[in-house]
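Participant: what follows is a predicted protein model with its sequence.
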Amino acid sequence: GIFYYSGVNKDHDLHTLNPATGETTTILERSTYFPIVREEGIYFMTLGDYAIHRYNPADGTCEKLVSEPCATYNISNDGRFLYYQVDRTDNNRICVLDPNTGISTTILEGDYSQIHVTSNYVFFTDFAETTVYAYATDNSGSLSIFNPPVEK
């Protein structure tokens, strides 16, 4: 029942809003962007370097998971994998990271966006939004172009 958000007007800190009471609280004074709240912690990107971090509100620790600048990211339904797009002037790519081991694997070189996670696949589009890819989450590393039939 709590809404988490990054400030946009006076700061970019991580805040909460209780919709029932209207009460807001600052829980992390840091320049954050695009928070995702999960059981294992609160993921966010930092403005400036666009690195991906995970904050544990229970003990106040914050760890940097991806130090390269990223454009977008998402997390698997079970929280075991972090999917992210590295956005540099060179070596752009979409990757998967196991936050527990720190092992990162490149899925595909290039520029991608719109990372969506289901129980069986991670879907993402090329930057021109002309091709949708489906990456199997069953550890097979299977990657295919997603081209569903159009019903009329």
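Facilitator: Great, that's in hand.
Participant: so what's residue 75 up against?
Facilitator: By CB atoms under 8 Å, 6 or more residues apart in numbering, the contact list for residue 75 reads 36, 38, 43, 81-83, 117. C-beta: built from backbone N, CA, C; applies to glycine.
Participant: change it to 10 Å
Facilitator: 36, 38, 40, 43, 52, 54, 81-84, 97, 99, 115, 117 (CB atoms under 10 Å, 6 or more residues apart in numbering).
Participant: which of those are buried? Put it as a PyMOL command.
Facilitator: Burial among these is assessed by 16 or more other CB atoms under 10 Å; the matching PyMOL selection reads:
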select buried, resi 36+43+52+54+81+82+83+84+97+99+115+117
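Participant: which pair in the contacts of residue 75 spans the largest distance?
Facilitator: Across the contacts of residue 75, no pair lies farther apart than 40 and 115, at 18.2 Å, counting by CB to CB.
Participant: looking at the contacts of residue 75, which is nearest residue 3?
Facilitator: Proximity of those to residue 3 (CB to CB) peaks at residue 36, which lies at 12.8 Å.
Participant: and the closest one, helix, strand or coil?
Facilitator: Assigned by DSSP: H, G, I helix; E, B strand; the rest coil, the conformation of residue 36 is strand.
Participant: so it touches residue 4, yeah?
Facilitator: Yes. Between residue 36 and residue 4 there is a contact at 8.6 Å, judged by CB atoms under 10 Å.
Participant: show me whatever sits in contact with both of these two.
Facilitator: Common neighbours of residue 36 and residue 4, counting by CB under 10 Å, 6+ apart, are 42, 44.
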